[in-house]
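Undergrad: When you get a sec, could you give me coordinates for this:
(2 chains)
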Amino acid sequence: NAGVTQTPKFRVLKTGQSMTLLCAQDMNHEYMYWYRQDPGMGLRLIHYSVGEGTTAKGEVPDGYNVSRLKKQNFLLGLESAAPSQTSVYFCASSSPSTGSGSRTDTQYFGPGTRLTVL
Amino acid sequence: QKEVEQDPGPLSVPEGAIVSLNCTYSNSAFQYFMWYRQYSRKGPELLMYTYSSGNKEDGRFTAQVDKSSKYISLFIRDSQPSDSATYLCAMSDRGSTLGRLYFGRGTQLTVWP
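TA: Next comes the predicted model:
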């Protein structure tokens, strides 16, 4: 099992350019998440999905869009990149909880994408 | 006020020291508490998982939860240079949160030989 993979690992964009970050998981997880991590800010949730075809906003959704057309993939799009979107982006996945004491809500993270917007 | 507060450090200790990392939280509905470890330029990985109050031990690591004080701790005994990483606390209430975790900002730990 590869777990959670992210493409690309690094990217440099100019202001106004668009791009899509791809997340793939092979653990058959229902839930998938996109976070950004900035120095001193910790992990902040951008968008998440609780199943194929569904998405929801997290803490910091502005400037991003997402799609979950297949259960194993979760795409994060930047339509018009801004320097404030320079960050490290992490994707994660998990399964729905099944009872008390279960570890099924553990989130498994990908290796991250380092994005710089000039 | 963030729902989860964590001192970002940095924390620097000599090899062999006992390390104490802490988080406080405000949401009394949180029942599930986790510690993630993140090495430099890597994704976070689950280190410890605790349900409700009490202690849990795994090798050199002990996680403690005090729900009455809304306070969780991670202790590392006989710390090693390989423990140098950022440690993030995370918690959830399940139920309506649909698997969402609430993270602290992370504490950067350096263990020097």
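
Undergrad: contacts and neighbour counts: CA atoms only from here.
TA: Will do.

Undergrad: Not including adjacent chain positions, what is the nearest residue to the residue in chain A that chain B sits nearest to?
TA: Using C-alpha to the nearest C-alpha, the closest approach of chain A to chain B is made by residue A:42 at 3.9 Å. Leaving aside its sequence neighbours, residue A:42 sits nearest to residue B:105 (C-alpha to C-alpha, 6 or more residues apart in numbering or on different chains; 3.9 Å).

Undergrad: Thought residue A:41 was touching that neighbour, still the case?
TA: Yes. Taking contacts as C-alpha atoms under 8 Å, residue B:105 lies within contact range of residue A:41: 5.7 Å.

Undergrad: Name the residues contacting each of these two.
TA: Contact criterion C-alpha atoms under 8 Å, 6 or more residues apart in numbering or on different chains; residues shared by residue B:105 and residue A:41: none found.

Undergrad: Neighbour count: those two, which is higher?
TA: Neighbours of residue B:105 and residue A:41, each counted by other C-alpha atoms under 10 Å in any protein chain shown, are more numerous for residue B:105; the result is 26 against 12.

Undergrad: how about that one, secondary structure?
TA: coil (DSSP: H, G, I helix; E, B strand; the rest coil).

Undergrad: How much space separates it from residue B:16?
TA: 25 Å (C-alpha to C-alpha, to the nearest Å).

Undergrad: Please apply the same query to residue A:87.
TA: Counting by C-alpha to C-alpha, the gap from residue A:87 to residue B:16 is 34 Å.

Undergrad: Of the two, give the one with the bigger neighbour count.
TA: residue A:87 (18 against 15).

Undergrad: Specify the beta-bridge partners of the more buried one.
TA: Assessed by DSSP bridges, residue A:87 has beta-bridge partners residue A:115.

Undergrad: Return the residues in contact with it.
TA: Going by C-alpha under 8 Å, 6+ apart, residue A:87 touches A:36-38, A:114-116.

Undergrad: Now residue A:64: closest residue in space, sequence neighbours ignored.
TA: Of all residues not flanking residue A:64 in the chain, residue A:78 sits nearest, at 5.1 Å (C-alpha to C-alpha, 6+ apart).

Undergrad: and that neighbour, bridged to which residues?
TA: Bridge pairing for residue A:78 (DSSP bridges) gives the partners residue A:19.

Undergrad: pretty sure it is touching residue A:15, no?
TA: No. Judged on C-alpha under 8 Å, residue A:78 makes no contact with residue A:15 at a distance of 10.8 Å.

Undergrad: ok, back up a step: what is the neighbour count of the residue of chain A closest to chain B?
TA: Neighbours of residue A:42 under the rule other C-alpha under 10 Å: 18.

Undergrad: Pull the contacting residues for it.
TA: B:103-106.

Undergrad: Low-confidence ranges, chain B, go.
TA: B:1, B:94-99 (pLDDT under 70).

Undergrad: again, only this time at 50
TA: Within chain B, the segments meeting pLDDT under 50 span B:96.

Undergrad: Enumerate the residues of it near chain A.
TA: Proximity of chain B to chain A (C-alpha under 8 Å from any C-alpha of the partner chain) is limited to residues B:8, B:41-46, B:49-51, B:94, B:98-99, B:103-106.

Undergrad: at 6 Å instead, please
TA: When proximity is defined as C-alpha under 6 Å from any C-alpha of the partner chain, chain B approaches chain A at B:42-43, B:51, B:99, B:105.

Undergrad: Using CSV, lay out the residues you listed together with distance to residue B:25.
TA: Listed next are those as CSV, based on distance: C-alpha to C-alpha, whole Å:
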residue, distance to residue B:25
B:42, 26
B:43, 23
B:51, 15
B:99, 18
B:105, 12
